[in-house]
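Undergrad: here is my input, please return the structure:
(one chain, ligands or ions: 2)
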Amino acid sequence: MAASKPSADASSNIPDYEYAEVNTKPFHIGSFRNEWLKRLKPGDFSFQLEDEETFDANFARELRVDAETMAEIKSICSLDSLRCHPEDQQPDTNVVPDDPTLKTLIQRKKRQDYRATLKTPKNRHDLFTDELERAAIGKNPETVTNMIAEGELLLTVNVYYPPVVEKFQYVRPHMTLLMTGSHSLAELRDAICCVSDLQVCGEFSNTPDIAPDFISKDHFKSAFFFFEGIFYNDMRYPECQDISMTTIEWAKTHNFPTFSQAKMEDTRFADLKVKVGFPYLYCHQGDCEHLVIITDIRLMHTSDCLDKRLYPLLTHKHRVLTKKCAVCHVYIGRWFTTNDQFAPSNPCLFCDKCFRLLHYDAQGKKLGDFLAYPYVDRGAFN
Ligand SMILES: [Zn+2]
Ligand SMILES: [Zn+2]
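TA: Ligands and ions are numbered 1, 2, ... in the order given. This is a model prediction of the structure:
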């Protein structure tokens with residue numbers, strides 16, 4: 001169980017700004033949900049769609065208008081009033097009419113005209129975004145067991161990458177994940193893909209085939225999240241160590257406020273006390289540090305993806321350029337070598353195929369004298 005307990009004072013769990021437009025004061029996520037559920041009618045967060053008649057009646061009551069005004073509003077706001085083609089004609093929705101009057105269509109036409117001037121109609125970033133969207137948008141599961149429960153929380157979590165790229169001053173590479181209030185922090189950890197988990201340390205020129213057995217993720221399993229004075233350690237495996245202990249002990253001897261510990265696998269988001277918009281920490285592989293910012297917490301809506309199995313749901317992923325093999329310039333680099341008489345530079349990057357063709361004979365015997373280190377590209381997760 002998380003150490004943070006819901007506060008007795010309910011109003012303290014209603015988010016309020018600490019710094020305007022930046023971050024809120026800390027509040028307990030599960031209690032915040034309860035505050036909403038107390039105030040809303042079950043119909044407000046139900047995933048069942050109302051039939052049209054009930055919807056109209058409720059709508060009219062809320063706007064305090066009579067049936068006649070309601071009918072008028074309906075006709076003025078109907079989709080038919082936006083028609084820009086004859087009624088008996090079915091338009092091609094991909095073609096914007098020549099002189100549109102609707103602002104949205106004017107914008108769309110501008111974009112279409114601009115796209116037409118490009119060599120490739122869509123860049124790979126757009127294609128990738130489309131792909132992410134298609135994977136989840138409006139998806140409902142076939143069976144009830146995979147359906148998200150009504151009144152569940154939806155959190156938007158941004159995970160930032162360590163600032164080691166020069167470009168970092170212009171862009172903040174990150175991934176965005178949608179998580180539910182029932183997800184544990186361990187599930188967030190498993191959804192974060194970081195290249196340092198795939199790193200292989202060591203020199204493998206004599207035994208290139210066993211390099212995959214030394215992937216960091218399988219050897220160094222400890223990690224923690226840090227939220228509001230509490231370290232949430234990953235203790236799922238016997239090899240896991242409480243790597244927050246050093247910091248806690250150090251803080252004790254330096255007159256810092258005392259920090260406490262909990263297990264990330266036992267802590268659900270709903271158990272956490274956090275500030276929305278505030279940077280927290282995820283640390284793994286000893287010193288690979290990521291900022292984690294919860295940017296939004298709200299109740300699930302019927303138009304959200306309601307299939308449990310698709311969460312944690314990736315909605316944004318920063319793409320990075322990949323480093324290609326120095327020989328074929330086609331495949332992503334997998335090895336770099338030093339002191340290598342076959343290489344055009346020192347160090348030199350090779351894809352697996354070129355590396356093996358150049359450095360080993362048909363029997364797999366090492367040719368010449370060189371050192372070889374596995375290389376994992378940042379773009380490995382693109
Ligand atoms: Zn990392
Ligand atoms: Zn190659």
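
Undergrad: can I see the domain layout of the protein?
TA: Domain assignment for the chain by automatic domain parsing gives 181-297, 335-381.

Undergrad: check whether the first one contacts ligand 1.
TA: Think domain 181-297. Yes. Domain 181-297 reaches ligand 1 (CB under 5 Å from the ion) through 194, 196, 288. Where you see a C-beta, it was placed from the backbone N, CA and C, and this is true even at glycine.

Undergrad: from what I can see the second one touches residue 216, true?
TA: It refers to residue 196. Yes. The criterion here is CB atoms under 8 Å, and residue 196 meets it with residue 216 at 6.5 Å.

Undergrad: overlap in contacts, these two.
TA: Common contact partners of residue 196 and residue 216 (CB atoms under 8 Å, 6 or more residues apart in numbering): residue 285.

Undergrad: CA-only coordinates of the lowest-mean-pLDDT helix or strand in the chain in CSV, if you can.
TA: Across the helices and strands of the chain, mean pLDDT, DSSP states H and E gives its lowest value to helix 124-136, namely a mean of 71. Provided in CSV are the C-alpha atoms of helix 124-136 (Å, rounded to 0.1, in the frame of the first residue of the first chain):
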residue,chain,number,x,y,z
ARG,A,124,6.7,9.5,-41.3
HIS,A,125,5.8,11.5,-38.2
ASP,A,126,2.3,11.9,-39.4
LEU,A,127,2.1,8.3,-40.5
PHE,A,128,3.3,7.2,-37.1
THR,A,129,0.7,9.4,-35.4
ASP,A,130,-2.0,8.0,-37.5
GLU,A,131,-0.9,4.5,-36.7
LEU,A,132,-1.0,5.3,-32.9
GLU,A,133,-4.5,6.8,-33.3
ARG,A,134,-5.9,3.9,-35.3
ALA,A,135,-4.7,1.4,-32.6
ALA,A,136,-7.1,2.8,-30.1
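
Undergrad: buried ones in that helix?
TA: Across helix 124-136, burial judged by 16 or more other CB atoms under 10 Å covers 129, 136.

Undergrad: again, but for stretch 328-344
TA: 332-337, 340, 343.

Undergrad: quick one: low-confidence parts of the stretch 251-382 of the chain?
TA: Counting by pLDDT under 70, the stretch 251-382 of the chain contains low-confidence ranges at 381-382.

Undergrad: can you give me the strands in it?
TA: For the stretch 251-382 of the chain, the strands defined by DSSP state E, counting those that start in this stretch cover 260-263, 273-274, 279-284, 288-299, 313-317, 335-338, 348-350, 371-374.

Undergrad: circling back: residue 131 is nearest to which of the domains of the chain?
TA: Comparing the domains of the chain by their distance to residue 131 (CB to CB), the top pick is domain 335-381, with 13.8 Å.

Undergrad: check whether that closest one contacts ligand 1.
TA: No. Figure legend: domain 335-381 not in contact with ligand 1 (CB under 5 Å from the ion); closest approach 10.8 Å.

Undergrad: how far does that domain sit from the chain's center?
TA: 34 Å (CA atoms, centre = their mean, to the nearest Å).

Undergrad: same thing with stretch 174-189?
TA: 8 Å.

Undergrad: and for stretch 183-198?
TA: Relative to its parent chain, stretch 183-198 has a centroid offset of 10 Å by CA atoms, centre = their mean.
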